[in-house]
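A.B. asks: A predicted structure for the sequence below; I have some questions about it.
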Amino acid sequence: MAWIKQLVIAVIALIVLIQVWRISGLVRKSQAAAVSPASNVRVPEKKVQPNGGFDCFPVISESQFLRSCWPIEIVVREDERSSGVCGDVGLFVKNTHARLSPVFNSTILLRKLTLCPNSTFVHVTPNIPATLLETPNVRNWWLGSSNFTDYIPPLPSLTRILCKSKSSCKRYAEHVRPNTNSPVDLPITYISHSTPDLLNEITYLHVNNHVDYNRFLFTYTDPTLATAKALASCWSSSPNLQSSRIVLLGPHNKLSFGFQHDEAAPKYLRFKHAPTLSLFDTREAQVRSGVHFCEGGDLQCIVEARSLGALVVAFGEKVGDGVVDGVNGIVLETKGGDVCELLGRVMNLDIEARWFLGREGRRMYEDDTVTMERALRRIRNETMRHLVGVDDAKVWKRKEKDLRDDLEGKKKGWLW
């Protein structure tokens, strides 16, 4: 009978082992499910970048910088690569075969100019390396970005100015004419906006594209904090405005607007702390708000709102910067007027009228995008032709193909 007892014990032990094995298998499956997305859930395989997916912080070594000649070189310090600057650079990289690099020392830059004398340098921030400005015969082009619309580098060092609005083109022309003997020698080229289409980005991010045209947004910075406080005051003191909601997106939290830590803001005021927001949350705040307030000279704010089909309300000294004309948005002349009283123009529009103006802004954004792409294609062809240095059409076509192969990574270590 002893062997029967041992057999029963062995069978029980075997059953226990089988159960332990099954439980451990279920645990492994549940852990895998926790870290792996379901097959019907679309999750981006790589980190999503703002500015149309453009990586504004590529790793470029000195040897890579010197190894090949590119039609357009853009050198920008990393601490200056704001959203507006990255938007400018991203569309140039996409449409003109430009390359973004860090600012190398003067020795490297001088060697670059020796190896690639026919490259064109496009500058988007005022901190242009002195080596590029002081060396003769360097093609320095200035792109008046959203951040530095009024800045113009030293004219003798420039060979072309690119502008993104017709009013800024006019301002550049007015500055250039009295400061140079031959204005013809410094072409001013209108390229329209350089803002990526945010509708494409929110689709990629899976942001719910539901727009509320009774929801207002003001994206502010430290210089425009006073305006943000004025708008918050308007909503707090005007019962007519409190049926809608305003979102204040910027570098400050509710404490800067007079609220205490333990004090809840009213429902009609929403404060979004930009430094702690993810790209998803930022884009969600933008797309859900059907009305965007923009300082008149903030071209990036205006064009981003138009790309989303939001109604643009531009105000300030440079109202609309030649972009908002009353047909595709509302212009508020705030100089000498009360901003709260001027908001009545917006509130008097019903939801359908706000939607219609936003749609017109989106249509103009699409038209301007076509203008931009055509302008950048012309720039691409001109800079590539200048880099190769040939005029014969047949020779140019052969060299253009080789150059495109190199730029697209099909050839390595090749130098003009």
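C.D. replies: Structure's in. What do you need? Computed from a predicted structure; not experimentally measured. Numbers count the residues shown, from 1 in each chain.

A.B. asks: which stretches of the stretch 101-250 of the chain form strands?
C.D. replies: Under the criterion DSSP state E, counting those that start in this stretch, strands of the stretch 101-250 of the chain are mapped to 120-123, 139-143, 160-163, 188-190, 212-219, 245-250.

A.B. asks: residue ranges with poor pLDDT in this protein?
C.D. replies: 1-54, 145-150, 177-185, 297, 316-323, 325-327, 334-337, 390-397, 399-400, 403-416 (pLDDT under 70).

A.B. asks: which residues in it form helices?
C.D. replies: With DSSP state H, the ranges of helices along the chain come out as 2-35, 62-67, 83-96, 106-115, 130-134, 166-176, 198-205, 225-237, 279-288, 299-307, 339-342, 344-347, 351-388, 393-407.

A.B. asks: so which bits of the longest one are buried?
C.D. replies: If I follow you right, that is helix 351-388. Across helix 351-388, burial judged by 16 or more other Cβ atoms under 10 Å covers 354-355, 357-358, 360-362, 364-365, 368-369, 372, 375-376, 379-380, 383-385, 387-388. From N, CA and C alone the C-beta is placed, and that goes for glycine too.

A.B. asks: so Arg362 makes contact with Val312?
C.D. replies: No - counting by Cβ atoms under 8 Å, Arg362 does not reach Val312; the two are 10.5 Å apart.

A.B. asks: between the two, which contacts overlap?
C.D. replies: Common neighbours of Arg362 and Val312, using Cβ atoms under 8 Å, 6 or more residues apart in numbering, are Arg306.

A.B. asks: circling back: closest one to Leu269 among the helices of the chain?
C.D. replies: helix 225-237 (6.0 Å; Cβ to Cβ).

A.B. asks: list the helices and strands that closest one packs on?
C.D. replies: strand 212-219, strand 245-250, strand 269-273, helix 339-342 (3 or more Cβ pairs under 8 Å, 6 or more residues apart in numbering; DSSP states H and E).

A.B. asks: just put those in TSV and tack on mean neighbour count and distance to Arg171.
C.D. replies: Below are those laid out as TSV (neighbours: other Cβ atoms under 10 Å; distance: least, Cβ to Cβ, whole Å):
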stretch	mean neighbour count	distance to Arg171
strand 212-219	21	24
strand 245-250	22	27
strand 269-273	17	33
helix 339-342	14	25
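
A.B. asks: now render these as JSON lines, adding distance to Val324.
C.D. replies: Converted to JSON lines, the helices and strands packed on helix 225-237 look like this (distance: least, Cβ to Cβ, whole Å):
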{"stretch": "strand 212-219", "distance to Val324": "15"}
{"stretch": "strand 245-250", "distance to Val324": "19"}
{"stretch": "strand 269-273", "distance to Val324": "24"}
{"stretch": "helix 339-342", "distance to Val324": "14"}
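
A.B. asks: what's the closest of these to Lys401?
C.D. replies: Lys401 lies closest, by Cβ to Cβ, to one member of the helices and strands packed on helix 225-237: strand 212-219, at 43.8 Å.

A.B. asks: which residues sit against the closest one?
C.D. replies: 227-228, 231, 243-250, 274, 285-286, 288-293, 301, 310-311, 351, 354-355, 358.

A.B. asks: give me that answer again for 6 Å
C.D. replies: 228, 231, 244-249, 288-293, 301, 351, 354-355 (Cβ atoms under 6 Å, 6 or more residues apart in numbering).

A.B. asks: same deal with stretch 69-81?
C.D. replies: Residues outside stretch 69-81 that contact it (Cβ under 6 Å, 6+ apart): 56, 89, 96-101, 103, 116, 119-122, 125, 383-384, 387, 416.

A.B. asks: now that stretch: buried residues?
C.D. replies: For stretch 69-81, by 16+ other Cβ under 10 Å, it's Cys69, Trp70, Pro71, Ile72, Glu73, Ile74, Val75, Val76, Arg81.

A.B. asks: count the neighbours of the residue lying closest to the fourth one once chain neighbours are set aside for me.
C.D. replies: Spatially, and ignoring its direct neighbours in sequence, Ile72 is nearest to Ala98 (3.7 Å; Cβ to Cβ, 6 or more residues apart in numbering). Summarising burial for Ala98: neighbours were counted as other Cβ atoms under 10 Å, giving 25.

A.B. asks: tell me the domain ranges of the chain?
C.D. replies: Using automatic domain parsing, the domains assigned to the chain come out as 62-191, 198-367.

A.B. asks: show me the one of these that comes nearest Asp402.
C.D. replies: domain 62-191 (11.4 Å).

A.B. asks: roughly how far out does the closest one sit from the chain middle?
C.D. replies: 18 Å (Cα atoms, centre = their mean, to the nearest Å).

A.B. asks: for the residue lying closest to Phe218 once chain neighbours are set aside, give the beta-bridge partners.
C.D. replies: Computed as Cβ to Cβ, 6+ apart, the closest residue to Phe218 that is not its neighbour in sequence is Phe293, at 4.2 Å. Per DSSP bridges, the residues bridged to Phe293 are Phe218, Val313.

A.B. asks: how close does Phe293 get to His386?
C.D. replies: 43 Å (Cβ to Cβ, to the nearest Å).

A.B. asks: now do Lys170
C.D. replies: 27 Å.

A.B. asks: could you do Ser194 as well?
C.D. replies: With Cβ to Cβ as the criterion, Ser194 and His386 are 21 Å apart.
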